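Colleague: My questions concern the predicted model and sequence given below.
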Amino acid sequence: MNVKSFKLCATAVAFAALGWTSAQAAELTIWHAYRGGEKAALEKIVKLFEAKQAGKGVTVATLAIPYDAYADKISAAVPRGKGPDVFIYAQDRLGGWVESGKTVEPIDFFLDKQTKEQLLPGMLDAMTYKGSVYGLPINYKSITLIYNKALVKNPPKTSTELVKVAKENTKADSGRYGLAYWYTNFYFHAALMNAFGAQVFDKDGKLAINSKESVAAINQMMKWYKTDAIMPPEPSEALVASLFNEGKAAMVLNGPWFMGEISPKVDFGLAVLPVIDEAGKKPMRPWLTIEGAYVSAASKQKELAYEFAKFLVSEEAGLVMALEGRQLHTNKAIYNDKRVSGDRVLKAFHDQLATAEAMPNRAEMTMVWSPATTAMNKVTKGNATPEAAIKEAAESIQTGIDALRKSR
């Protein structure tokens with residue numbers, strides 16, 4: 001028996017051991033948090049997958065779960081042997097699920113060269129934790145610059161240009177601002193933080209958020225807010241949408257989810273985030289959220305579950321997700337399709353990908369959000385200096401991390 005035959009035989013034996021053969025009828029259950037067009041696109045892909053499994057009796061059931069309850073539902077159900085065969089979620093929870101055990105199945109055994117090579121660069125890294133691959137990346141999101149064409153003729157390419165254009169469009173006494181984004185939210189602030197070279201964790205996984213680079217990034221945000229006075233106070237997602245739709249915000253920093261919030265009356269454009277002159281002309285580097293399709297550790301038909309996840313990253317599924325679900329898919333071939341490359345929204349967020357940075361997928365990341373966002377709010381309200389706020393946040397995060405590690 002040659003090596004190729006041996007591998008095929010070994011794979012067949014492994015698949016049989018998992019309890020599924022082509023002669024057996026099987027139903028897969030898929031959990032997701034999609035709504036609207038994204039949900040409809042997934043359901044169409046399910047039908048395509050079922051058609052490809054014709055004669056095998058394979059059916060796929062999808063369950064949409066409210067996003068706010070989704071992660072906790074996975075954490076509660078799957079380790080107890082319940083829940084889906086495949087679930088779709090962003091990479092920021094991956095490390096926690098791996099560390100807690102009995103939640104996510106490693107897929108290194110299934111992963112082949114062809115599947116890897118069809119993905120955009122760096123996407124699979126977000127699904128990798130401590131050297132093992134736990135999911136297939138299917139979609140990505142980041143923020144970019146969105147501007148009102150009636151107010152901004154040429155989108156700024158540098159922070160100096162950004163301030164100049166924003167000041168021309170700011171009249172605070174009438175509630176008009178040149179720039180609006182949720183700058184007190186740590187997720188949105190990360191684009192500045194990364195531009196200055198700050199990190200949440202260093203390469204060894206040690207907490208590194210309390211640094212001069214982090215302070216510099218907060219000072220830059222405060223310059224835009226207080227000194228240049230180009231941003232509204234007490235920002236929120238709702239406020240940003242309201243200002244933009246009313247023509248009272250010339251530019252906003254937001255993601256693809258914001259497209260559905262924009263009024264049809266607003267003629268908008270999109271552009272890559274500017275470089276920050278004060279950071280040595282380094283580009284703003286927004287966090288990249290990458291959704292993965294994970295095989296549940298509780299699944300009784302793991303190789304079929306993997307086959308579905310694999311189909312989700314195919315060019316065929318990618319075109320459905322991009323064109324009908326309006327999602328940024330990870331299959332690089334779809335960007336050669338004129339329907340995708342000619343779509344200004346899809347193209348804009350794909351262009352932003354070049355300077356985006358994958359959000360950490362470490363288990364400790366869950367301890368970061370609340371203290372870091374609290375720090376941003378304290379600084380903007382004048383209740384703490386950037387130095388004191390980030391130091392306090394780091395201490396709080398480390399306390400949470402220590403407690404998390406002790407509970408394992």
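Modeller: Yes, it's here. Residues are numbered from 1 along each chain as shown.
Colleague: Mind checking what secondary structure G178 has?
Modeller: The three-state label given to G178 by DSSP: H, G, I helix; E, B strand; the rest coil is strand.
Colleague: Same check on G55?
Modeller: coil.
Colleague: How many neighbouring residues does it have?
Modeller: For G55, the neighbour count with other CB atoms under 10 Å is 7. For glycine as for every other residue, the C-beta is placed from the backbone atoms N, C-alpha and C.
Colleague: Repeat that for Y34.
Modeller: Residues contacting Y34 under the criterion other CB under 10 Å number 21.
Colleague: Also T115?
Modeller: Around T115 there are 17 other residues, counting by other CB under 10 Å.
Colleague: per-residue pLDDT, it?
Modeller: For T115, the model assigns a pLDDT of 96.
Colleague: Ok, S314 next?
Modeller: 98.
Colleague: okay, now the residue nearest to it when sequence neighbours are not counted: neighbour count?
Modeller: Distances taken as CB to CB, 6 or more residues apart in numbering place N331 nearest to S314, at 6.6 Å, with adjacent residues excluded. N331 has 22 neighbours, counted by other CB under 10 Å.
Colleague: Tell me where the protein has strands.
Modeller: Using DSSP state E, the strands assigned to the chain run over residues 26-32, 58-64, 86-90, 128-129, 132-133, 135-141, 144-148, 177-180, 249-254, 268-271, 275-276, 282-283, 287-295, 357-358.
Colleague: Any idea how many residues pack against the closest residue to T385 other than its chain neighbours?
Modeller: In this structure, T385 finds its nearest non-sequential neighbour in V379, 7.2 Å apart by CB to CB, 6+ apart. By other CB under 10 Å, the residues close to V379 number 23.
Colleague: Pretty sure V379 sits against M222.
Modeller: Yes - with contacts counted by CB atoms under 8 Å, V379 reaches M222, the gap being 6.6 Å.
Colleague: Now list whatever residues contact both of the two.
Modeller: Overlap of the contact sets of V379 and M222 (by CB atoms under 8 Å, 6 or more residues apart in numbering) consists of P386.
Colleague: quick one: contacts for the nearest residue to S396 once chain neighbours are set aside?
Modeller: In space, and not counting its chain neighbours, S396 is closest to P371: 3.9 Å by CB to CB, 6+ apart. Under the criterion of CB under 8 Å, 6+ apart, the neighbours of P371 are E392, A393, A394, S396, I397, G400.
Colleague: what's the closest of those to P155?
Modeller: Nearest to P155, judged by CB to CB, of these is A393 at 32.4 Å.
Colleague: Next, the contact list for that closest one, please.
Modeller: Each residue near A393 by CB under 8 Å, 6+ apart is listed here: I209, N210, P371, A372, T374, A375.
Colleague: Quick check: the first one touching I390?
Modeller: Yes - contact between I209 and I390 holds when scored by CB under 8 Å: they sit 6.6 Å apart.
Colleague: Settle it for me: which of those two has more neighbours?
Modeller: Ranked by neighbour count (other CB under 10 Å), I209 and I390 place I390 first, with 26 against 23.
Colleague: Walking through the stretch 51-200 of the chain, point out its helices one by one.
Modeller: Along the stretch 51-200 of the chain, counting by DSSP state H, counting those that start in this stretch, helices occupy 67-77, 94-100, 113-117, 159-168, 186-195.
Colleague: between the ones you listed, which one is nearest to G342?
Modeller: Proximity to G342 (CB to CB) singles out helix 113-117 among the helices of the stretch 51-200 of the chain, at 25.0 Å.
Colleague: Output the contacting helices and strands for the closest one.
Modeller: Judged by 3 or more CB pairs under 8 Å, 6 or more residues apart in numbering; DSSP states H and E, helix 113-117 has no packing partners among the helices and strands.
Colleague: what comes into contact with that helix?
Modeller: L124, L136, K310, V313.
Colleague: Make a ChimeraX selection of whichever of the residues you listed turn out to be buried.
Modeller: Restricted to buried positions by 16 or more other CB atoms under 10 Å, the ChimeraX selection for the contacts of helix 113-117 reads:
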select :124,136,310,313
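Colleague: Spatially, which two of the contacts of helix 113-117 are the most separated?
Modeller: Greatest spatial distance in these: L124 and K310, 12.8 Å, computed using CB to CB.
Colleague: in the lengthiest helix in the chain, what's buried?
Modeller: Determined from DSSP state H, the single longest helix within the chain is helix 386-407. Buried residues in helix 386-407, counting neighbours by 16+ other CB under 10 Å, are found at P386, A389, I390, K391, E392, A393, A394, S396, I397, Q398, G400, I401.
Colleague: quick one, that helix and helix 186-195 angle?
Modeller: Angle, helix 386-407 to helix 186-195, by axes from the mean of the first three to the mean of the last three CA atoms, to 10 degrees: 110 degrees.
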